[in-house]
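Chemist: next comes the sequence, and after it the predicted model I'd like to discuss.
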Amino acid sequence: MPEGPEIHRAADRLRKALVGKTLLEVQAEHPAIAGRLDGWVGREVESVDARSKAMLIRVGD
């Protein structure tokens, strides 16, 4: 399992690549998460943050 520093570095890279972009496709490996992401397609990424070992990605309405 990734530790906090790895999550923060990944969030930094994703923030630079994704914030302000519109999501054209969203994929998740875990089935419990995959179904929740269907509504993200077509939305703009507002922020990518890391809190402890969690990565938070916020999308617009």
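Modeler: Good, I have the coordinates. Numbers count the residues shown, from 1 in each chain.

Chemist: alpha carbons only for contacts and neighbour counts from here, please
Modeler: Will do.

Chemist: now do the strand or helix carrying A10: which elements does it pack against?
Modeler: Using DSSP states H and E, A10 sits within helix 4-18. In terms of contacts (3 or more Cα pairs under 8 Å, 6 or more residues apart in numbering; DSSP states H and E), helix 4-18 is packed against strand 45-51, strand 54-59.

Chemist: what lines up beside the longest one in the sheet?
Modeler: Just to be clear, that refers to strand 45-51. Here strand 45-51 has these sheet partners by DSSP bridges: strand 54-59 (antiparallel).

Chemist: give me the mean pLDDT for the strand it pairs with.
Modeler: Strand 54-59 shows a mean pLDDT of 94.

Chemist: picking that back up, most packed of the helices and strands packed on helix 4-18?
Modeler: Of all the helices and strands packed on helix 4-18, strand 45-51 carries the top mean neighbour count, a mean of 17, counting by mean count of other Cα atoms under 10 Å.
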